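> Show me the folded form of this:
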Amino acid sequence: MNQRPDLDSAHIAATDALVATAAVAAAAGTAPVVALPSAAPKQTSVFAHARYVISENPVTGLAFGLFVLISACAIFGPWIAPYDPLASNTMSALQAPSAKHWFGTDQLGRDILSRVIVAARLDMFIAVASVALVFALGGLSGTAAGFFGGWTDRVVGRVADTIMAFPLFVLAMGIVAALGNTVTNIVIATAIINFPLYARVARAEANVRREAGFVMAARLSGNGEFRILLTQILPNIMPIMVVQMSLTMGYAILNAAGLSFIGLGVRPPTPEWGIMVAEGAGFIVSGEWWIAFFPGAALMLAVFCFNLLGDGLRDIVDPQRRT
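Numbering: from 1, shown residues only. Coordinates of the predicted model:
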């Protein structure tokens, strides 16, 4: 008779078999090795889970496809552009999109498709450089603040609060205007305005993990605090930081384009999406909509791509979602 209604018959039969095996072994004077089933959920690999996430969410797959396309334009742009992006030809100025010029030409006769493709290299460089710089500054200092606490936490917190007290885009404008509108200064300004975001995220994650069991085990093993910070805390907060870096890359591209649009970014005739939108804005009222439309569409797709890429990376790198 089943005395445990919460257990099914198969479970009861398996338990009885294990008990019977143990009894026979005890009578024979031997100890059997019984492999009990593990209750822990199995965890798939990152690559297998990435394929699953992309197959379940086509929008994430679209974001990864756009990222590959933008990266290819950034790397091979000067070689795959059909025309010289700086070559002007007044005879073919303000031509509408056609089979010869897919995106049309601007007021100087330059091919807009070539300029859009080549501009991806500069915008991607600004995004990658600013994100790497802000991770080195904000991510590492925030991790140290959350792990050590004390005066380190107070200094990093006050610096982040001071930056957050300003409107971020206005602060970026002031930094570039004071230092000069060069690519290096745009990277520095973008990294500075993103410092509080990285510092706060890293501080919160490190603060949660500094008393975790694996950290206590590392201390008992004789590891120093800085070694624990670099080998235990930092690797465990990298998944959330990777997602944050992807989201910030879209904002960095948008910030660089905004500075260029108001005349504080990259100087013309360098191909850059913000400059191209600013140059074409005055021609929209006269009907030449393509001059500003296609660079603006490229800018929108790039920001859209990195935002969706951040959501996809969050689902892929989170270990709990791979169980």
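> mind checking how far stretch 70-80 is from the chain centre?
If you compare the mean C-alpha spot of stretch 70-80 with that of the full chain, they lie 20 Å apart, counting by C-alpha atoms, centre = their mean, to the nearest Å.
> could you give the mean pLDDT of it?
Per-region confidence: stretch 70-80 scores 90 on mean pLDDT.
> Give me the buried stretch members for that stretch, please.
Applying a neighbour-count criterion of 16 or more other C-beta atoms under 10 Å, one finds Ile70, Cys73, Ala74, Gly77 buried in stretch 70-80. Yep, even glycine has a C-beta here, placed from its N, CA and C like the rest.
> Then stretch 224-232?
Along stretch 224-232, the positions that meet the burial threshold by neighbour count (16+ other C-beta under 10 Å) are Ile228, Leu229, Gln232.
> Quick check: the last one is in a helix.
When you say that, I think you mean Gln232. Yes. Counting by DSSP: H, G, I helix; E, B strand; the rest coil, Gln232 is found in a helix.
> hang on, isn't it packed against Ala217?
No. The pair Gln232 and Ala217 fails to qualify as a contact (C-beta atoms under 8 Å) at a distance of 9.1 Å.
> coming back round to it: can the buried residues of stretch 224-232 go into TSV with extra columns for pLDDT and distance to Ile117?
Output for these, formatted as TSV (pLDDT from 0 to 100; distance: C-beta to C-beta, whole Å):
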residue	pLDDT	distance to Ile117
Ile228	86	46
Leu229	86	43
Gln232	85	44
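> Present these as a markdown table; the columns should include distance to Phe64.
Rendered in a markdown table, the data for these read as follows (distance: C-beta to C-beta, whole Å):
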| residue | distance to Phe64 |
| --- | --- |
| Ile228 | 35 |
| Leu229 | 32 |
| Gln232 | 31 |
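> helix/strand/coil for Phe166?
coil.
> can you count the residues close to it?
Other residues within reach of Phe166 by the criterion other C-beta atoms under 10 Å amount to 12.
> And the helices in the protein?
9-28, 46-56, 58-80, 112-134, 140-148, 150-164, 168-179, 183-193, 195-209, 213-220, 225-228, 234-261, 273-281, 290-317 (DSSP state H).
> closest to Ser92 out of those?
For the helices of the chain, the distance to Ser92 is smallest for helix 112-134, at 11.5 Å, taking C-beta to C-beta.
> List the residue ranges of the protein that fall below the pLDDT cut-off.
Scanning the chain for pLDDT under 70 picks out 1-57, 315-323.
> returning to that earlier point: dump the helices of the chain into JSON lines; add distance to Gly104 as well.
Conversion of the helices of the chain to JSON lines gives the following (distance: least, C-beta to C-beta, whole Å):
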{"stretch": "helix 9-28", "distance to Gly104": "71"}
{"stretch": "helix 46-56", "distance to Gly104": "34"}
{"stretch": "helix 58-80", "distance to Gly104": "18"}
{"stretch": "helix 112-134", "distance to Gly104": "5"}
{"stretch": "helix 140-148", "distance to Gly104": "46"}
{"stretch": "helix 150-164", "distance to Gly104": "41"}
{"stretch": "helix 168-179", "distance to Gly104": "30"}
{"stretch": "helix 183-193", "distance to Gly104": "27"}
{"stretch": "helix 195-209", "distance to Gly104": "38"}
{"stretch": "helix 213-220", "distance to Gly104": "58"}
{"stretch": "helix 225-228", "distance to Gly104": "57"}
{"stretch": "helix 234-261", "distance to Gly104": "20"}
{"stretch": "helix 273-281", "distance to Gly104": "10"}
{"stretch": "helix 290-317", "distance to Gly104": "4"}
